[in-house]
Structures are given as structure tokens and as C-alpha cells.
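> have a look at this prediction, sequence included:
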Amino acid sequence: MKPDPAAEGRRWFAQAERDLASAIDLSDHCHYNVACFQCQQVIDKALKAFLYYRGAREVRGHSAAELCQDAASLDPSFAELRPIVVPADKYYISTRYPDGFAYGSLPYEAYDAEDAAKAIRMARQALEFIRVRLR
């Protein structure tokens with residue numbers, strides 16, 4: 001039996017919402033790099049939620065830019081979201097891996113409260129934008 005596209009989309013969106021709560025907790029405890037990564041995951045999962053909701057059977061990749069482009073092929077308004085969420089792509093590698101920086105910093109040293117707050121705002125905007133399109 002094939003999953004119901006709307007139900008699958010809502011499932012992915014629910015996880016994205018939960019991930020945002022985790023990002024906020026991480027930031028509150030000064031784990032700024034991980035909070036930024038978690039926000040990238042929020043955006044990733046929310047975009048995938050929309051794609052699944054609209055009937056995609058398989059969605060691959062983690063780039064907000066590419067996922068937003070895929071979503072825009074179904075709903076042109078995603079072109080408006082793209083410039084808001086594209087900066088999240090830089091949180092995918094550099095927030096987790098020591099070799100993500102040429103100058104030798106560690107991820108936990110490279111991100112601060114302002115970075116996490118910016119990432120959280122970006123993730124919230126993505127969730128609000130996509131929530132409306134899942135109704």
C-alpha cells in the first residue's frame with residue numbers, strides 16, 4: 001500500500017517542527033553550531049514535507065537551494081522562499097566537521113548566539129511559509 005501523500009507530508013513537517021524546538025534548546029544551552037545544523041535540518045525536512053505532500057515518491061538531497069527549486073516547480077511562490085533559506089546550506093558541513101574550516105577552527109568555536117538566532121529565524125520563516133501550503 002502506498003502512503004497517502006498528504007499524510008507523509010504532515011509527518012515530515014511534524015518532525016521539522018520538533019527539530020526547531022531542539023534547535024532552540026541547543027541554542028539556549030550555548031550549543032550554537034549544533035543549533036545552526038538543526039535549523040538546516042528543519043528547512044530540509046519542511047521542504048521535503050511539501051514535496052511529499054504534493055506527491056513526490058522520493059526526495060533526495062539536503063540543499064535548501066535545490067529543494068526549494070524543486071518545490072518552485074510545483075508552486076512558483078517558493079521562489080520567494082529561496083533567498084531566505086539558501087544561507088542554511090552553509091550549516092550542513094561546517095557546523096559539524098573540523099575540516100569544514102580552512103583556518104583550523106572547530107565548529108563549536110566558529111558559531112555564536114547571533115548565528116544561532118539568525119538560523120532559528122530562518123527556520124521559523126520556512127516553517128510558517130510551508131505550513132500555509134500544507135493546508
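Good, I have the coordinates.

> which elements pack onto whichever strand or helix holds residue 14?
Using DSSP states H and E, residue 14 sits within helix 5-28. Applying 3 or more Cβ pairs under 8 Å, 6 or more residues apart in numbering; DSSP states H and E, we find helix 5-28 packed against helix 32-53, helix 113-133. All C-beta spots, glycine's among them, are computed from the backbone N, C-alpha and C.

> so what's the gap between the next helix or strand along the chain from the first one and the chain middle?
The first helix or strand that comes after helix 32-53 along the chain, using DSSP H and E, is helix 64-72. A distance of 11 Å separates the C-alpha centroid of helix 64-72 from that of its chain, computed with Cα atoms, centre = their mean, to the nearest Å.

> how about low-confidence regions in the chain?
Along the chain, segments meeting pLDDT under 70 span 1-2, 103.

> any buried residues in the helix holding residue 14, and which?
8-9, 11-13, 15-16, 19-20, 23-24, 26-27 (16 or more other Cβ atoms under 10 Å).

> rebuild the residues you listed as JSON lines, extending it with distance to residue 128.
Below are the buried residues of helix 5-28 laid out as JSON lines (distance: Cβ to Cβ, whole Å):
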{"residue": "8", "distance to residue 128": "21"}
{"residue": "9", "distance to residue 128": "16"}
{"residue": "11", "distance to residue 128": "19"}
{"residue": "12", "distance to residue 128": "16"}
{"residue": "13", "distance to residue 128": "12"}
{"residue": "15", "distance to residue 128": "16"}
{"residue": "16", "distance to residue 128": "12"}
{"residue": "19", "distance to residue 128": "15"}
{"residue": "20", "distance to residue 128": "11"}
{"residue": "23", "distance to residue 128": "15"}
{"residue": "24", "distance to residue 128": "15"}
{"residue": "26", "distance to residue 128": "21"}
{"residue": "27", "distance to residue 128": "19"}
